[in-house]
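Undergrad: Mind looking at a prediction? Sequence and model below.
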Amino acid sequence: MAFIGIAHISFVLLLCIALVGCEANDKVSVVKDPFNAADALAKARGIARGKVDSNVKVFNVLDYGAKADGKTNAAMNFIRTFKAACNFHGNAMMVIPQGNFLIGPVIFQGPCFNPSPLIIQVVGIVKGHPDISEYTGGADASDWITIQSVDGLIITGSGTFDGQGPQVWKYNDCDKNDDCIRMPATLKFNKVSNAVIRGIRSINAKGFHIFISNSLNFRIFNVHIIAPADSPNTDGIHMSKSSGVKISRSTIATGDDCVSMIQGSKDISIKKVRCGPGHGFSIGSLGHYEDELDVSGIVVKNSTMSDTDNGVRIKTYKASTPSKASGIIFQDIIMYGVRNPIIINQEYGSQSKKEPSKVAISDVHFINIRGTTTSKVAVSLLCSESTPCKGVHLRNINLEYTGEPKSDVAYGSNCINVDVDYFGIQNPPPCK
């Protein structure tokens with residue numbers, strides 16, 4: 001994005017300085033109860049239904065001065081509420097009640113002192129400040145709501161985070177500028193571990209809806225992510241340098257990847273997710289940065305895709321530094337009217353770069369993928385000349401072509417620099 005912000009000190013920075021809350025105190029040790037994901041999910045479900053344990057102290061944003069009028073910037077009040085809940089030496093819950101709340105960019109900074117996961121109950125509607133000059137752009141302070149350095153977190157409820165993206169999408173020029181500045185993510189999690197996100201809605205994000213980085217052991221369950229199909233770079237869930245992330249029983253309909261996994265994503269599980277519109281489930285782009293971390297242990301399973309621009313894909317930049325992507329499974333996926341259903345593309349990015357990708361792709365399985373497609377090339381496996389793909393398996397692929405009937409192009413597959421093992425039904429016909 002080539003927008004020029006007003007020269008000012010970031011509101012986020014001023015808030016953090018005012019509250020002395022943006023620097024973690026490494027000298028303090030907190031005894032945490034062992035994290036149990038099943039118990040945390042059950043607790044999140046109960047809280048959403050109004051069942052809160054009597055030993056949980058409630059910190060309501062209204063009690064810290066927030067106004068539910070949708071006009072008054074309540075960022076300072078939200079930070080004060082979070083800080084009070086986070087610093088409480090007992091079980092705590094921050095509550096965002098019924099009403100409309102407007103907030104600019106905030107950083108909720110840990111570590112926290114609660115023995116059990118800190119709870120954030122979202123009932124009302126939280127709207128992002130529409131003025132893009134409020135956001136610094138670029139690094140950690142560029143996003144809307146950042147939660148950082150927290151071990152043990154539950155975000156639950158039926159509330160909505162409204163990024164008010166239509167106000168700023170016009171400033172996004174990433175489709176023609178490789179050096180663009182990404183728009184603010186709605187929810188950014190950095191160095192967060194043992195977390196559950198359940199039941200919330202995210203609509204019209206300025207950039208990514210949910211961004212997970214440098215984090216461990218996440219559960220995302222029954223979330224609804226919505227933005228128009230033409231909204232730019234509004235990935236539903238984007239992650240990097242994170243492991244143990246499980247996403248299930250969620251709906252993602254947006255303008256970019258439903259889920260995107262870049263460098264350092266390991267042991268990721270995506271199951272029973274409805275995707276579309278959007279750009280599908282993507283591993284990559286990889287090879288975009290120097291010395292990238294490997295990607296491994298990705299499973300996308302039992303999911304449905306409707307009217308997406310891509311299906312399941314792995315994409316890497318040309319002229320990349322060496323890294324690996326391995327142990328990848330796309331299984332039991334139903335597609336309706338999906339363009340480009342199965343893709344490996346190691347020629348992503350600028351066509352002016354001639355050096356092939358050095359990302360080594362191996363042990364990739366496409367299993368039981370069925371439905372309809374509007375693309376004549378339904379399976380496209382374009383691998384690197386210098387590091388050909390290894391161990392690519394296609395088993396029971398049954399995709400019916402439902403596109404333009406008058407097209408003279410044969411329905412089929414395209415494979416370059418890859419040896420493919422085929423098993424069972426193959427529709428389109430396999431590469432020869």
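TA: Received it, and whenever you're ready, just let me know what you need. Numbering: from 1, shown residues only.

Undergrad: Can you pull the poorly scored residue ranges out of the stretch 1-150 of the chain?
TA: In the predicted model, the stretch 1-150 of the chain carries pLDDT under 70 at residues 1-29, 137-141.

Undergrad: where exactly do the strands run in it?
TA: Along the stretch 1-150 of the chain, counting by DSSP state E, counting those that start in this stretch, strands occupy 57-60, 69-73, 92-96, 100-103, 106-109, 118-122, 125-128, 145-156.

Undergrad: pLDDT value on the residue most central in space within the chain, please?
TA: Centroid-nearest residue in the chain, with CA atoms, centre = their mean: I237, separated by 1.5 Å. Looking at I237, its pLDDT is 98.

Undergrad: ok, now A319?
TA: So A319 comes in at 77 (pLDDT).

Undergrad: Can you pull the phi and psi angles for it?
TA: Here the main-chain torsion angles of A319 (degrees, to the nearest 10) amount to phi 60, psi 40.

Undergrad: swap in R313?
TA: The phi/psi pair for R313 (degrees, to the nearest 10) reads phi -150, psi 160.

Undergrad: Specify the beta-bridge partners of it.
TA: On the basis of DSSP bridges, R313 is bridged to S282, I343.

Undergrad: Would you mind confirming that it makes contact with S285?
TA: No - counting by CB atoms under 8 Å, R313 does not reach S285; the two are 10.1 Å apart. C-beta coordinates here come from the backbone N, C-alpha and C atoms, glycine included.

Undergrad: on that earlier part again, just send the strands of the stretch 1-150 of the chain back as JSON lines, with mean neighbour count and distance to G276 too.
TA: Below are those laid out as JSON lines (neighbours: other CB atoms under 10 Å; distance: least, CB to CB, whole Å):
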{"stretch": "strand 57-60", "mean neighbour count": "16", "distance to G276": "37"}
{"stretch": "strand 69-73", "mean neighbour count": "14", "distance to G276": "31"}
{"stretch": "strand 92-96", "mean neighbour count": "23", "distance to G276": "29"}
{"stretch": "strand 100-103", "mean neighbour count": "22", "distance to G276": "29"}
{"stretch": "strand 106-109", "mean neighbour count": "24", "distance to G276": "31"}
{"stretch": "strand 118-122", "mean neighbour count": "26", "distance to G276": "25"}
{"stretch": "strand 125-128", "mean neighbour count": "23", "distance to G276": "24"}
{"stretch": "strand 145-156", "mean neighbour count": "23", "distance to G276": "25"}
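
Undergrad: what's the spacing between the closest residue to T402 other than its chain neighbours and N427?
TA: Leaving out its chain neighbours, the residue that sits closest to T402 by CB to CB, 6 or more residues apart in numbering is T372, at 4.5 Å. Going from T372 to N427 by CB to CB, to the nearest Å gives 11 Å.

Undergrad: V196 now?
TA: Applying CB to CB to V196 and N427 gives a distance of 40 Å.

Undergrad: out of these two, which sits in the busier spot?
TA: Per other CB atoms under 10 Å, whichever of V196 and N427 has more neighbours is V196, with 27 against 16.

Undergrad: who's the more buried one bridged to?
TA: I154, R219.

Undergrad: thinking it is in contact with G157, fair?
TA: No - V196 is beyond contact range of G157, at 12.0 Å (criterion: CB under 8 Å).

Undergrad: Identify the residues contacting the residue nearest to the centre of the chain.
TA: I237 is in contact with F208, H209, I210, I212, I220, I225, I247, I252, C258, V259, S260, counting by CB atoms under 8 Å, 6 or more residues apart in numbering.

Undergrad: what about the nearest residue to the second one once chain neighbours are set aside, neighbour count?
TA: So that's H209. Distances taken as CB to CB, 6+ apart put S202 closest to H209, at 4.3 Å, once the chain neighbours are dropped. A count of neighbours around S202, defined by other CB under 10 Å, yields 27.

Undergrad: and S202, bridged to which residues?
TA: Going by DSSP bridges, S202 forms beta bridges with F161, I225.

Undergrad: ditto for N398
TA: Beta-bridge partners of N398, as defined by DSSP bridges: R370, N427.

Undergrad: Quick check: pLDDT value at P429.
TA: Listed pLDDT for P429 reads 97.

Undergrad: Quick check: phi and psi at it.
TA: Main-chain torsions, P429, degrees, to the nearest 10: phi -60, psi 150.

Undergrad: How many residues are close by it?
TA: If you count neighbours by other CB under 10 Å, P429 ends up with 13.

Undergrad: so it makes contact with G412?
TA: Yes - using CB under 8 Å, P429 is in contact with G412, at 5.3 Å.
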